[in-house]
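**Q** Got a sequence here, can you model it:
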Amino acid sequence: MTDIAVSNGLPLSAGLYDPRQEHDACGIGFVAKPQGPASHDIILKGIEVLINLTHRGACGCDPRTGDGAGILIQIPHKFFARECAKLGFTLPPRESTASA
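**A** Okay, the predicted model is just below:
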């Protein structure tokens with residue numbers, strides 16, 4: 001294969017690299033709030049990211065929130081403790097399980 005110049009600024013072809021095979025990457029979305037008070041806003045932002053990724057073509061799992069990539073959230077300790085109590089066991093205090 002001969003070297004080809006590409007008008008959009010990609011490098012010339014070399015070895016196994018061929019600029020004609022370049023594609024835009026959709027990638028992923030990442031929203032995090034490691035410090036500060038808990039807030040439902042982070043959930044809304046995560047759902048917005050998933051909705052914005054529906055163009056990836058794999059959205060069949062959950063058409064309301066994206067392609068099934070999902071959201072990983074922290075379960076509020078009060079809620080978790082209450083639900084565990086319904087199942088007959090007690091969680092340790094939040095302070096003993098929270099990360100620093």
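**Q** burial of Leu50, as a residue count?
**A** Residues near Leu50, counting by other CB atoms under 10 Å, number 20. C-beta coordinates here come from the backbone N, C-alpha and C atoms, glycine included.
**Q** Buried ones in the helix or strand hosting it, by neighbour count?
**A** Here Leu50, judged by DSSP states H and E, is contained in helix 41-52. For helix 41-52, the neighbour count (16 or more other CB atoms under 10 Å) marks Ile42, Gly46, Val49, Leu50 as buried.
**Q** so the last one touches Ile71, yeah?
**A** Yes - if you go by CB atoms under 8 Å, Leu50 and Ile71 touch, sitting 7.0 Å apart.
**Q** which one is Cys84 nearest to, not counting chain neighbours?
**A** Leaving aside its sequence neighbours, Cys84 sits nearest to Leu91 (CB to CB, 6 or more residues apart in numbering; 5.2 Å).
**Q** Then the one you found would be within a strand, right?
**A** No - using DSSP: H, G, I helix; E, B strand; the rest coil, the assignment for Leu91 is coil, not a strand.
**Q** what's around it, how many residues?
**A** Leu91 has 14 nearby residues by other CB under 10 Å.
**Q** Can you classify the residue nearest to Val49 when sequence neighbours are not counted as helix, strand or coil?
**A** If the residues on either side of it in the chain are set aside, Val49 comes closest to Gly29, at 3.2 Å by CB to CB, 6+ apart. Judged by three-state DSSP, the three-state class of Gly29 is coil.
**Q** Looking at stretch 15-35 now, give me its mean pLDDT.
**A** Throughout stretch 15-35, pLDDT has a mean value of 78.
**Q** low-scoring stretches of the protein, by residue?
**A** In the predicted model of the chain, residues 1-8, 24-27, 54-70, 97-100 satisfy pLDDT under 70.
**Q** same for the helix holding Leu50, what does it pack against?
**A** Of the remaining helices and strands, none touches helix 41-52 by 3 or more CB pairs under 8 Å, 6 or more residues apart in numbering; DSSP states H and E.
**Q** And the very next helix or strand once past that helix, what's buried?
**A** Downstream of helix 41-52, the first helix or strand assigned by DSSP H and E is helix 77-86. Under the neighbour-count criterion of 16+ other CB under 10 Å, helix 77-86 has Ala81 buried.
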